[in-house]
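>>> Here you go, sequence then predicted model.
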Amino acid sequence: MSEKLIREANERAAKYFSRRHFLQDCMAGIGATALGSLIGGCNIFSSSSPVAGMPQSLNPLEPKAPQFPARAKNVIYLHMAGAPSQLEMFDYKPDLQKLHNQLCPQSLLQGKKFAFIRGVPKMLGPQAKFQQYGESRAWVSDFMPHFSTMVDDVSFLKGVHTDQFNHGPAQLFMHTGSARLGRPSIGSWVTYGLGSENSNLPGFVVLTSGGKTPDAGKSVWGSGFLPSVYQGVQCRSKGDPVLYITDPEGMDRDMRYQSIQAINDVNKLEYEAFSDAETLSRISQYELAYKMQISVPGVMDIADEPEYIQEMYGTQPGKESFANNCLLARKLVEKGVRFVQLFDWGWDAHGTGEDTAVNLGMRNKCTQIDRPITALLKDLKQRGLLDETLVVWGGEFGRTPMQENREGQEMPFLGRDHHAEAFTMWMAGGGIRKGFTWGETDEIGFSVVKGKVAVHDIHATMLQQLGFDHEKLIYHFQGRPFRLTDVEGHVIHEILG
Amino acid sequence: MYYSTTFRILSSIGAILLAGILTIGCGKRKPVDYSTEVKPILNKHCISCHGGVKQNGGFSVLFREEALGNTKSGHPAIIPGDAKRSEFIRRLHSRDPKERMPYKSAPLDKSEIEILTRWVEEGAQWGEHWAYVPPEKPTDTAANIDYYINAKLEEEGLKAAPEADKLTLLRRVSLDLTGLPPTTAMMESFMKDSSATAYEKVVDSLLASPHYGERWAAMWLDLARFADSKGYEKDAQREIWRYRDWVIDAFNNDMPYDQFTIEQIGGDLLPEPTDAQMTATAFHRNTMNNDEGGTVDEEFRTAAIIDRVNTTMEVFQGTTIACVQCHSHPYDPFRFEDYYKLMSFLNNTRDEDTPGEYPVLRLYDSIGKKQVDTVTAWISQHGNTAAKKEMNEFLRTLEPKIHAHDCDEFLNGNLADTKYLGIRNGGSCRLKNAPLNGRTHLYMYYWTGNKGSSVEIHIDSLNGPVIAKQAMPDPEGTNVLDIPIPAIEGRHHLYFVFKNSTIKPEQTVCSVEWMALRGDLPGKNDPGYNQMEKAYWRVVNAHPESVPVMVENPTEMFRETRTFERGNWLVKGVLVKPDVPKSLNPFPANAPRNRLGLGQWLASKQNPLTARVMVNRLWEQLFGTGIVETQEDFGSQGFLPSHPQLLDHLAYQFMNKHEWRMKATLKEMVLSAAYRRDSRSNAELQQKDPANRLFARGPRFRLTAEQVRDQVLAVSGLLSEKMHGKSVMPYQPEGIWQAVYNGQRWKLSEDGDQYRRGVYTYIRRTSPYPSIVTFDGSSREVCTQRRIRTNTPLQALVTLNDPVYVEAARNLALSMRSTGKDQKAWISAGYKTAMYKEITPAKLAILTKLYTEAYDKFKEDPAAASSLANCKDNMPAVGELAALTVVANAIMNLDEFLSKS
């Protein structure tokens, strides 16, 4: 074969390169020189004008070192929007059973505000059966049979409290550290602090299930005053997995590649003429967009997972479900996505109907999450990922030990009202102590009596595991330094491994 | 070892003496300047422990009287004129880590200590922060923008770039002033015009274009946090687009900024306010409203008022005051009480976080207007002008209303969903201290599905005398029930007992949203009364279109304002009266102590901040960075102005020469040589001034979210130039609106409305339009002073693949193919349509290569070509169109296209 023919063949191969080739060699693609020269050091904590909108590195998602060696690299946050009842899942209260159907003592009602309870409600005993499991002898209800096998990997926080008892503000508080809109979400803080490990995927991915987005809307994964590049990217199991990631009909991958190459070639001429660093940045962002177009649909497709994994999670490819999202969370973390946030809607068990009864609808909700969560923990563990992945589970508040009596009336089904004073969350992996319970509520689960934990403490602890002093992860905005934990927050040292 | 030996030696008392001697020895030096030299050191090292938040050791350096006062030790820490004896200075040198300041931090530099020492020696004078001193009349009246800019360039030894070429400049100024590229006609006439005033003529015609108002409204709406929904959990629709139109019109009519300010803050309090002036007050009705069941209206009313205080100070004063809610400002001279004094101006409006969004301005149709005229004509005939005015005001808003949430003492009933009276048969509730004041009618706005309902009103106690009994028919909808009551003076508790024995015990008799107390209509026995009364009730029961506005509480509903202890709205502190911070200009002598007066204070020429903040904002829009970069913070934590005299010059001209007119001010800016410069950078500029803070070159930065969209629509010929009206819903992918309450749907607008400018796109706060947010648009939850420009792959995906942009590419491809004979001509034409200049051969070569690659591909795959071009024509036409679509899509993704250059 003549040299010319070989050269032509090589050129053609390079032109219509395979997807595989591109992914393996992603840095050597178009504009690699430009990109290479962009990536300088970036010290986000330097005081020199983080406000100014002048990124010190032109790639704001460049991986950055934490302040001290981290126990966790990634986070999977499982948020049960609507607030699950701790009293039917983890906080076992036999004494509450004894008080079942009795009128609530005035002492519990005095000076308290409830969202819907009016007058004097009745006490509502636990609607689930409890048993102790594992070496840690942790109490888990029969609503969560699979999860009961994982208790020795988990630290329960039974004394969490919040200061918000409406969904929107409480969810905002839980995810942004403030009950008002406008602050960055925890995932945004984390990607701001640590950047992203995988340049083909967003650093902060959000998955929703339960048919609806959380009450507080997309602000719970918004970037607030941080640059919008840090906001969560919602990946969807229906339609485009990331908005606008699909090329228009009639344009195939090769043509998209050629078109981005042309765009970037012109942009390089533009850069030579104007020396504007933003132009260089745009060149690299177009490369990233192209890479995301290849990698995101792949990661978001769970069909290629083996049968036993599908079985373990209880997934149904092509549908929107919490189980699918759990499996996706593992895949994303495996690929180096820093923060995966799951929202599952439908936990607001007021007892206004069958689907919101604590003994019926709530039980179904538990069934929907029980197997997937267990599978997620097991799967992470068997892949050696649990040690470096912090898994957090919880709602925005808890539920009352009293039965809800909306407008002072008895309700057709058993329900519980919003309760901010005491609820249960748990954490696992990422250097969290195994098989441990911290915090305790009184005999009926109304107030915390030991190991009280505030929302900002949860945040401080999460940041700690990621290698940050929560008091030092700051951003200057409107003339003052802001942090996720505002002026509060204590690391919960008791649950650190 | 942390301390060097040298430092040890220095940090002895002897060293202080030495420093003192040195200072005195250098007595001829210019005295230390507090604002620029001392304050930055205090802010950086001292104020977090000794400021507005913490006063450790009883010492604070925020206000002079505090700094010179006695500390916990019983002695002052600063003795003016005597650095030696000042503990403040001694502690800087101390070797004892428990004493040495800053505590637990690195010691100050020698130079910093020297400045502080000299400052104390010179008497520890407090200077005023530059931004709180009103801009003075420039000494050099001949000076203009370029005078100040060039002086600084000379100082820095930088050479200014030459003027940009004509076409580049035309595109720049058109995008800046109208948010759209120029029209072809404008381009042609500008190119032909070789007169010296050619550019100025273009500027004048751009300023006169109705698109000018749309472009600048887009900026203002971020500040006003305008949105089409209420926010929070339910985030239901809000009909407030008339405010957006008011802003567009105000800019187009070049409303002076003082008037613009006054009307938005207190337009309803102007004498005989017009509908437009009332609509202006919707500025502060853009606060969020919480409809979630179980929420306390007063909590969210308070949140809205706090937002109004913060937004007022941010928008008009470039001052962050939110922190003063809880404590004195940590850095700036605003005291805790100042916050609540400002709040008390804004705390007396009728809106109370109710789902109906009252008060609203009722905008009657022509029939409704006639009925209103009938009624008011009658009133002026039978009453006096005051009565006529009162009736007019009532029919405009149906205020003052008493909302259902004011009731308490519910028996067999409740405040349903924390919104409406929902009382069961025989149940009751109380309206505490109702201001009867002799009025003879109680209106009740209600609905019911039941026949045979009635209401009884008892006075003073549940068993007190019945003052009214009234049947409540089923109005089949909502209705205002007229309940005649005897004339009783003063305030009384009213008890409402609702009855309907035919309904089930758990059913409520009716739902009541609000009540109102009114007097008799005059002239009862005169002919024509009945007809007038009929018209009156038609008007009252009408459901005209409306817009939320401000209405002040009448005296009998006056709401007092108290401080919130540590910012907690439930823990009320001392009573305060409306007033403005002492550190700013005094309240105008003749101004009323209400919102109108607050507006007049802001719009006063004595206000040191209003004009500066606004001209800085306009400058930032054109140049990419403000003269004060932190345009949201003109306080001492913000950045110093890069060109202080220029800022003052612009502010002074804005107020005086231009009489607060923004068009004239913008014209002055865009006519400057600084604005007209070529935006090419070079190695020297990259090195010395990478961010172009000195304006040696012209501005170059990415367009705003709205401009990115508008430009694509304009260039492809899709843009609808229709103005005003309800917000529109352009194409949005399925499944974006997945909020908790499913009542609302995203319904694709039709008939060209899907191609309206971005400023008309419907904004739902919890789920804003995706492509706008991707390009840093605001979700409008709170006031956004400055959009931080980001550069992300998600933006690339929008402009590459969003069907809106693909459709635009197709359209551009069609027009490209109609303009010449071959691909080179087509591509050149397409580039020129987009970029307003000729394509260079190198760029043409790249795009031609792309065309050829695409065309070859489509030749082999005509089906793909038909899909992309979205037409069923035969080859080669469809292949050419598809390949041109690929090229058009690339052109509309070029950095130069997405940027203003």
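On my side now, so go ahead.

>>> Can you give me the distance of the one residue in chain A that gets nearest to chain B to residue A:75?
Closest residue of chain A to chain B, C-beta to the nearest C-beta: residue A:217 (2.3 Å). C-beta here means a position set from N, CA and C on the backbone, and glycine is covered the same way. From residue A:217 across to residue A:75, the span is 21 Å (C-beta to C-beta, to the nearest Å).

>>> quick check: longest strand of chain B.
Taking DSSP state E as the criterion, chain B has its longest strand at strand B:420-435.

>>> if I look at the residue of chain A closest to chain B, how far off is residue B:57?
Using C-beta to C-beta, residue A:217 is found at 46 Å from residue B:57.

>>> higher neighbour count, those two?
residue A:217 (28 against 16; other C-beta atoms under 10 Å in any protein chain shown).

>>> doesn't residue B:229 make contact with that one?
No: counting by C-beta atoms under 8 Å, residue B:229 is not a contact partner of residue A:217; they are 9.6 Å apart.

>>> so what sits against both of those two?
Both residue A:217 and residue B:229 are in contact with B:235, B:765, B:766, where contact means C-beta atoms under 8 Å, 6 or more residues apart in numbering or on different chains.

>>> and the residue of chain B nearest chain A?
residue B:766 (2.3 Å).

>>> Can you tell me the closest non-neighbouring residue to that residue?
With sequence-adjacent residues excluded and distances taken as C-beta to C-beta, 6 or more residues apart in numbering or on different chains, residue B:766 is closest to residue A:217, at 2.3 Å.

>>> try residue B:156
residue B:694 (6.1 Å).

>>> residue contacts, that neighbour?
B:149, B:152, B:153, B:156, B:158, B:642.

>>> can you rerun that using 7 Å?
When contacts are counted by C-beta atoms under 7 Å, 6 or more residues apart in numbering or on different chains, residue B:694 touches B:152, B:153, B:156, B:158.

>>> List phi and psi for the third one.
Put plainly, it is residue B:156. Phi and psi for residue B:156, reported as degrees, to the nearest 10, are phi -90, psi 0.

>>> do the same with the first one
As for residue B:152, its main-chain torsions (degrees, to the nearest 10) stand at phi -70, psi -40.

>>> Mind picking out the helix or strand in chain B with the poorest mean pLDDT?
helix B:5-10 (a mean of 35; mean pLDDT, DSSP states H and E).

>>> any idea how far stretch B:224-232 is from the chain center?
11 Å (C-alpha atoms, centre = their mean, to the nearest Å).

>>> now stretch A:416-427
Averaging C-alpha positions (C-alpha atoms, centre = their mean) puts stretch A:416-427 18 Å from its chain's average.

>>> still on that earlier bit, isn't the residue nearest to residue B:766 up against residue B:232?
No: when contacts are counted by C-beta atoms under 7 Å, residue A:217 is not listed as touching residue B:232 (8.7 Å).

>>> How is the most centrally placed residue in chain A assigned, secondary-structure-wise?
Residue closest to the average C-alpha location in chain A (C-alpha atoms, centre = their mean): residue A:341, at 1.8 Å. For residue A:341, the secondary-structure state derived from DSSP: H, G, I helix; E, B strand; the rest coil is strand.

>>> Residue A:488 too?
Under three-state DSSP, residue A:488 comes out as coil.

>>> so the residue lying closest to it once chain neighbours are set aside is in which element?
Among residues not flanking residue A:488 along the chain, residue A:456 sits closest, at 4.1 Å (C-beta to C-beta, 6+ apart). According to DSSP states H and E, residue A:456 maps onto helix A:455-465.

>>> try residue A:427
Per DSSP H and E, residue A:427 falls inside strand A:423-428.

>>> what packs against that strand?
For strand A:423-428, the elements it packs on are strand A:154-161, strand A:389-394, judged by 3 or more C-beta pairs under 7 Å, 6 or more residues apart in numbering or on different chains; DSSP states H and E.

>>> Provide the strand pairings for that strand, with the direction of each partner.
strand A:154-161 (antiparallel), strand A:389-394 (antiparallel) (DSSP bridges).

>>> Would you mind measuring from the spatially most central residue of chain B to residue B:614?
Centroid-nearest residue in chain B: residue B:223, 1.8 Å away (criterion: C-alpha atoms, centre = their mean). According to C-beta to C-beta, residue B:223 and residue B:614 sit 10 Å apart.

>>> before we move on, what about residue B:647?
Taking C-beta to C-beta, one finds residue B:647 at 11 Å from residue B:614.

>>> for the stretch 751-900 of chain B, which spans come out with low pLDDT?
Applying pLDDT under 70 to the stretch 751-900 of chain B picks out residues B:875.

>>> Could you tell me the angle between the strand holding residue A:427 and helix A:455-465?
In terms of direction (axes from the mean of the first three to the mean of the last three C-alpha atoms, to 10 degrees), strand A:423-428 departs from helix A:455-465 by 0 degrees.

>>> The helix or strand just after strand A:423-428 pairs with which strands?
Sequence order places strand A:436-438 as the next helix or strand after strand A:423-428, per DSSP H and E. Within its sheet, strand A:436-438 is paired with strand A:154-161 (parallel), according to DSSP bridges.

>>> is residue B:482 in a bridge, and if so with what?
Per DSSP bridges, the residues bridged to residue B:482 are residue B:443.

>>> okay, it: pLDDT?
Residue B:482 is assigned 96 on the pLDDT scale.

>>> The one 10 residues further on now?
Taken from the predicted model, the pLDDT recorded for residue B:492 is 97.

>>> which parts of the stretch 601-750 of chain B sit against chain A?
Counting by C-beta under 7 Å from any C-beta of the partner chain, the stretch 601-750 of chain B comes close to chain A at B:629-630, B:632-633, B:635, B:637-638, B:679-682, B:686, B:691, B:700, B:702, B:733-735, B:738-740.

>>> taking those residues one by one, which sit in helices?
residue B:686 (DSSP state H).

>>> Now the buried members of the residues of the stretch 601-750 of chain B next to chain A.
B:629-630, B:632-633, B:635, B:637-638, B:679-681, B:700, B:702, B:738-740 (16 or more other C-beta atoms under 10 Å in any protein chain shown).

>>> What's the end-to-end length of stretch B:101-113?
11 Å (C-alpha to C-alpha, to the nearest Å).

>>> who touches residue 356 in this structure?
Since you didn't name a chain, this refers to chain A. A:348, A:349, A:350, A:415.

>>> Chain B, not that one
Taking C-beta under 7 Å, 6+ apart, one finds residue B:513 in contact with residue B:356.

>>> Strands of the stretch 251-400 of chain A, residue ranges please.
A:339-345, A:389-394, A:398-403 (DSSP state E, counting those that start in this stretch).

>>> Distance to residue B:101 for the ones you listed - can I get that in a markdown table?
Putting the strands of the stretch 251-400 of chain A into a markdown table (distance: least, C-beta to C-beta, whole Å) gives the following:
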| stretch | distance to residue B:101 |
| --- | --- |
| strand A:339-345 | 40 |
| strand A:389-394 | 39 |
| strand A:398-403 | 46 |
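
>>> ranges for the helices of the stretch 251-400 of chain A?
All helices of the stretch 251-400 of chain A, identified by DSSP state H, counting those that start in this stretch, fall at A:253-274, A:277-300, A:307-313, A:322-334, A:361-382.

>>> any chance of these in CSV, with mean neighbour count and distance to residue B:413 too?
Shown next, in CSV, are those (neighbours: other C-beta atoms under 10 Å in any protein chain shown; distance: least, C-beta to C-beta, whole Å):
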stretch, mean neighbour count, distance to residue B:413
helix A:253-274, 21, 64
helix A:277-300, 22, 52
helix A:307-313, 15, 49
helix A:322-334, 24, 40
helix A:361-382, 21, 28
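
>>> Export those helices as TSV, with columns for mean pLDDT and distance to residue A:481.
Output for these, formatted as TSV (pLDDT from 0 to 100; distance: least, C-beta to C-beta, whole Å):
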stretch	mean pLDDT	distance to residue A:481
helix A:253-274	94	35
helix A:277-300	87	26
helix A:307-313	95	42
helix A:322-334	95	31
helix A:361-382	97	35
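
>>> Relative to residue B:587, which of those helices is closest?
Nearest to residue B:587, of all the helices of the stretch 251-400 of chain A, is helix A:277-300, at 45.4 Å by C-beta to C-beta.
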